[in-house]
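S.K.: no sequence on hand, only this structure:
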């Protein structure tokens with residue numbers, strides 16, 4: 001029975017861990033909208049290091065994508081670079097990001113960041129992310145205006161609490177006018193709050209960043225929003241055809257394209273992650289089944305001993321008219337009672353074990369209602385399978401030999 005208890009408890013705990021892993025995957029990529037296609041430059045391994053492959057994805061290609069591809073309704077672009085920003089005697093090293101005018105909408109859609117203390121049921125707007133001033137416009141991006149928006153912590157580090165709006169800071173050797181300051185932000189995922197600080201930010205128009213802060217035009221990271229999420233595969237094909245034409249990528253002898261860009265959708269990422277989580281769950285279930293097998297072997301051995309000890313009782317029952325099926329039912333029922341008792345105890349132990357399993361798995365353990373009847377059913381099946389052989393052995397005893405047995 002102890003083997004069954006451990007086995008059932010393990011099954012419940014392992015299923016909870018597997019379900020928690022899948023739920024964590026869903027939560028992690030829920031922000032990547034179903035209508036988004038992420039486009040980035042492809043990297044290959046060269047001399048033991050990752051290096052960009054082929055041509056860069058340019059800012060101009062992102063601008064022209066809207067007109068060239070009917071299924072694309074909006075394009076976000078970004079580029080980043082670590083540099084020094086200074087105002088007066090204050091100087092900091094920060095990763096600046098060049099973005100488009102709808103970058104705040106992209107942040108909101110991702111669901112990764114929210115204002116500190118934000119109520120979970122309230123919708124966030126772009127205005128809620130700006131504490132003072134404003135964000136730059138599309139016209140300022142097209143004109144390459146030297147403006148920027150500071151994160152909450154960045155503004156404090158440079159200005160020590162003074163009003164930065166309208167002030168000019170130096171980003172390397174480029175002058176930039178501060179037009180906005182973001183509110184104090186935090187990650188919605190508590191575990192990420194100790195990894196990085198979203199308030200250490202400096203945002204500027206991507207065109208300005210490319211023109212002023214790069215010697216050579218960098219490869220930009222693009223997010224294309226499609227008009228119809230149901231046609232996202234068709235949109236991917238259109239984007240691929242557009243970029244192949246821009247980069248002059250031809251088919252090889254086998255009819256394949258050696259693309260220098262990668263495209264990713266939410267379904268692509270979820271499919272890979274869910275497959276990994278499913279494999280993880282199967283592995284855990286297989287490990288838990290070992291305890292059930294051990295418990296089943298224990299039940300079989302105990303029942304075989306019971307058959308030996310009760311040989312005379314079996315002979316008496318057969319002598320007064322018991323049929324083979326009656327003997328089978330008797331011993332099979334005893335085996336099922338043992339496994340059922342172990343199963344019930346295992347369910348209790350498994351439920352009590354889930355918090356510990358969650359603590360060991362970074363808080364991701366989820367017990368689904370169907371896990372309990374599944375684990376209990378496995379316990380009953382274990383009793384039937386491993387109790388069947390002793391029951392059949394008891395039923396096949398010769399009545400005369402059984403009565404003479406001592």
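M.R.: The structure has been received and is ready for your questions. Just so it is clear, the structure is predicted and the values come from calculations on it, not from any experiment. Numbers count the residues shown, from 1 in each chain.
S.K.: tell me the pLDDT of residue 239.
M.R.: We note a pLDDT of 90 for residue 239 in this prediction.
S.K.: doesn't it fall inside a strand?
M.R.: No - membership of residue 239 in a strand is not supported by DSSP: H, G, I helix; E, B strand; the rest coil, which gives helix.
S.K.: just give the number of residues close to it.
M.R.: The number of residues packed around residue 239, counting by other Cβ atoms under 10 Å, is 22. All C-beta spots, glycine's among them, are computed from the backbone N, C-alpha and C.
S.K.: what about it, distance to residue 71?
M.R.: With distances defined as Cβ to Cβ, to the nearest Å, the gap from residue 239 to residue 71 amounts to 9 Å.
S.K.: and residue 307, how many neighbours?
M.R.: 21.
S.K.: would you confirm that residue 113 contacts residue 107?
M.R.: Yes - counting by Cβ atoms under 8 Å, residue 113 does reach residue 107; the two are 5.7 Å apart.
S.K.: and the nearest residue to residue 379 once chain neighbours are set aside, what element?
M.R.: Taking Cβ to Cβ, 6 or more residues apart in numbering, and ignoring the residues beside it in sequence, residue 379 has residue 343 as its nearest neighbour in space, at 3.0 Å. Counting by DSSP states H and E, the element that carries residue 343 is helix 324-360.
S.K.: which other helices and strands contact that helix?
M.R.: helix 2-29, helix 266-309, helix 311-319, helix 371-395 (3 or more Cβ pairs under 8 Å, 6 or more residues apart in numbering; DSSP states H and E).
S.K.: repeat the analysis, applying 7 Å as the threshold.
M.R.: Counting contacts by 3 or more Cβ pairs under 7 Å, 6 or more residues apart in numbering; DSSP states H and E, the secondary-structure elements packed against helix 324-360 are helix 2-29, helix 266-309, helix 371-395.
S.K.: hmm, residue 201 is touching residue 154, no?
M.R.: Yes - between residue 201 and residue 154 there is a contact under Cβ atoms under 7 Å: 6.0 Å.
S.K.: the two - which one has more neighbours?
M.R.: In this comparison of residue 201 against residue 154, neighbours counted by other Cβ under 10 Å, the higher total goes to residue 154 at 26 against 19.
S.K.: from residue 89, how far off is the more buried one?
M.R.: Distance check for residue 154 against residue 89: by Cβ to Cβ, it reads 16 Å.
S.K.: do residue 142 as well
M.R.: Taking Cβ to Cβ as the criterion, residue 142 is separated from residue 89 by 35 Å.
S.K.: tell me which of the two has more neighbours.
M.R.: When residue 142 is set against residue 89 and neighbours are counted by other Cβ under 10 Å, the residue ahead is residue 142, at 12 against 5.
S.K.: and that one, what element?
M.R.: Element membership of residue 142 [criterion: DSSP H and E] is helix 138-143.
S.K.: right, and the helix or strand after that helix?
M.R.: The next secondary structure element downstream of helix 138-143 (using DSSP H and E) turns out to be strand 147-150.
S.K.: so how far is that following strand from its chain's centroid?
M.R.: Relative to its chain's centre, strand 147-150 lies at 33 Å (Cα atoms, centre = their mean, to the nearest Å).
S.K.: before we move on, back to that, ok, which of the helices and strands packed on helix 324-360 comes nearest residue 223?
M.R.: If you check each of the helices and strands packed on helix 324-360 against residue 223 by Cβ to Cβ, helix 266-309 wins as the nearest, at 11.5 Å.
S.K.: how many other residues sit next to residue 178?
M.R.: 24.
S.K.: my read is that it contacts residue 159, right?
M.R.: No - using Cβ under 7 Å as the test, residue 178 is too far from residue 159 to be in contact (8.5 Å).
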